[in-house]
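Participant: Just need the structure, nothing else, for what follows:
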Amino acid sequence: MKRELLTEEELQIIEEAGFGKKCGIEGKTALLVIDVQNKFIGLDLPTLEAIKTSRLALGHNAWKALDPIKKVIAQCRQKDIPIIFTRAIASSRPEENPFMKKAGGAAMVLPENASDIALPIAENDIVIDKVCPSAFFRTELDEIITRLGIQTVIVTGFVTSGCVRATVIDAFSRRLNVIIPEECVQDRFPTIHEMTLLDLSLKYADVISTEQLTESLSA
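Facilitator: As a prediction, this is how the structure comes out:
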């Protein structure tokens, strides 16, 4: 997070108002892997090049996050922490998904395997399909979180300012502790990525390094 993007007055407001306190990991934990799909990854190229073959691709930005995400997934499997993947799919009723209008709808250029999750899915992992940004909106995630007795969610995936942000806010609204390992989320817009992480860290989540998360889960 780049606090240097803020003015001195804004930094003083954060300090004096008390924003950004850490909540930590409490109780049973689950890992959310948000929309790590081929259409959001694309080729390992600068974003302007990657979107020529997959219009939603993050390119280099997504590829930077893949290894850290894999590392967190591996550790969560070792700790028997439930892993929940989400997959953004096209609705059979496009009017249900306003994003399709904002982002060009059916005109998007996408590869044939666009919706495929780009990471291996284990037998005990859970996969949830969604048509809107939040993983909680009109999905079974709320029920799953309640049934498993989850109190903390680790949120990873794409994109920081979109589906990650929406999911984080909905998780926070459900009184869950939210942890974001910052190397494990990415966006097609680096400046917006940094500002979103900063904003989330002040009000809705603990934004920590993947190394810090590894240490916390190993404790």
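Participant: Run through the neighbouring helices and strands of the longest strand along the chain.
Facilitator: Of all the elements of type strand in the chain, the one with the most residues (DSSP state E) is strand 150-158. In this structure, strand 150-158 packs against strand 28-34, helix 60-78, helix 165-173, strand 177-181, strand 185-186, with contacts taken as 3 or more CB pairs under 8 Å, 6 or more residues apart in numbering; DSSP states H and E. From N, CA and C alone the C-beta is placed, and that goes for glycine too.
Participant: Can you list the low-confidence ranges for the protein?
Facilitator: Across the chain, the stretches falling below the confidence threshold (pLDDT under 70) are 1, 91-112, 114.
Participant: would you list every one of the helices in it?
Facilitator: Per DSSP state H, the chain has helices spanning 8-17, 38-41, 47-50, 60-78, 98-102, 141-148, 165-173, 190-203, 210-218. These are given in chain order.
Participant: closest to Ala88 out of those?
Facilitator: Ala88 lies closest, by CB to CB, to one member of the helices of the chain: helix 38-41, at 7.8 Å.
Participant: Count the neighbours of Arg3 for me.
Facilitator: Counted with other CB atoms under 10 Å, the neighbours of Arg3 add up to 12.
Participant: Check Cys163 too.
Facilitator: Residues contacting Cys163 under the criterion other CB under 10 Å number 23.
Participant: Check Pro82 too.
Facilitator: When neighbours are defined as other CB under 10 Å, Pro82 has 19 of them.
Participant: now swap in the one 3 residues further on and tell me
Facilitator: For Phe85, the tally of surrounding residues (other CB under 10 Å) stands at 23.
Participant: Quick check: the gap between it and Ile128.
Facilitator: 7 Å (CB to CB, to the nearest Å).
Participant: about what we covered before: may I have the longest strand of the chain as CSV, with CA atoms only?
Facilitator: Taking only C-alpha atoms (Å, rounded to 0.1, in the frame of the first residue of the first chain), the coordinates of strand 150-158 have been written out as CSV:
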residue,chain,number,x,y,z
ILE,A,150,-16.2,-19.3,9.8
GLN,A,151,-15.1,-16.1,11.6
THR,A,152,-12.2,-15.0,9.4
VAL,A,153,-11.9,-15.0,5.6
ILE,A,154,-8.7,-14.6,3.7
VAL,A,155,-9.5,-13.0,0.4
THR,A,156,-7.3,-13.4,-2.8
GLY,A,157,-7.8,-13.1,-6.5
PHE,A,158,-9.1,-10.6,-9.1
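Participant: Fine by me, we can end here.
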